[in-house]
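> Build me a structure from this.
(one chain, ligands or ions: 1)
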Amino acid sequence: MNQIYELPELPYGYSELSPFISEEQLKIHHTKHHQGYVNGANKLFEKIDKSRKKNIDLDMKATLKELSFNIGGHVLHSLFWKNMAPEKNGGGGEPSSALAEAIKNEFGSFERFKKEFSASTGVEGSGWSTLSYDKKTDRLLIMQIEKHNTNIYPSCEILMVLDLWEHAYYLDYQNEKAKFVEGFWNVINWEEVEKRLETMVK
Ligand code: MN
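Next up, the predicted model:
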């Protein structure tokens, strides 16, 4: 039996990122939207398995496009939940140690990084902004993902990611995405982001 994708539990309670992300907003995002991508990816694998068993041809272009979208949605949401933490548990503030150093080396200062990252949140349509690490060049860079799977740099690992789909903030902020982005700085789990960098830098 092949493994299937599963919805991970959040590392905090639904109300704990409030007032930056409300309980209602977080709950619907996790249990409906993220779950939808998990279900979508699993269904596609079922479809692929069935087609092989019965030796039926699939529309490969459409199937793989949909699979990329759903797996991307699942993977990005899983990273996103983990790179946030309630303020009382250390969310927000500024990065320290090797990550602070790497940000300073690449962007000049944390403030400059913050400015560039905030500007990257104007992704066209639905998407994500990430702070990523390029293993090839040992550099940090911002990756702006459209949908869940477009504009990805294949050599990069994601250190920190922010969901910029309307479903991530609309209940709390309506059309004011910039306010949601401002709030996000208060719940970033820099410790987790540092850990991710540590596992990548050899
Ligand atoms: Mn989302």
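> for the protein, what spans make up the helices?
23-28, 35-53, 60-82, 97-107, 110-120, 170-173, 177-184, 190-200 (DSSP state H).
> Could I get the CA-only coordinates of the longest one as CSV?
If I follow you right, that is helix 60-82. Extracted as CSV, the C-alpha positions of helix 60-82 are listed here (Å, rounded to 0.1, in the frame of the first residue of the first chain):
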residue,chain,number,x,y,z
MET,A,60,-1.0,13.6,-18.8
LYS,A,61,-0.7,17.3,-19.3
ALA,A,62,-3.8,18.1,-17.3
THR,A,63,-3.2,15.4,-14.7
LEU,A,64,0.4,16.5,-14.0
LYS,A,65,-0.5,20.1,-13.9
GLU,A,66,-3.2,19.4,-11.3
LEU,A,67,-0.9,17.2,-9.4
SER,A,68,1.8,19.9,-9.2
PHE,A,69,-0.7,22.4,-8.0
ASN,A,70,-2.1,20.2,-5.2
ILE,A,71,1.3,18.8,-4.0
GLY,A,72,2.6,22.4,-4.1
GLY,A,73,-0.3,23.6,-2.0
HIS,A,74,0.2,20.8,0.5
VAL,A,75,3.9,21.3,0.8
LEU,A,76,3.8,25.1,1.1
HIS,A,77,1.0,25.1,3.7
SER,A,78,2.9,22.5,5.7
LEU,A,79,6.0,24.8,5.8
PHE,A,80,3.9,27.9,6.4
TRP,A,81,2.3,26.5,9.6
LYS,A,82,5.6,25.6,11.0
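> ok, back up a step: for residue 3, which of the helices of the chain is the nearest?
With Cβ to Cβ, the closest approach to residue 3 among those belongs to helix 35-53: 9.7 Å. For every residue, glycine as well, the C-beta is placed using N, CA and C.
> okay, now residue 166: neighbour count?
15 (other Cβ atoms under 10 Å).
> Can you name the residues that contact it?
residue 126 (Cβ atoms under 8 Å, 6 or more residues apart in numbering).
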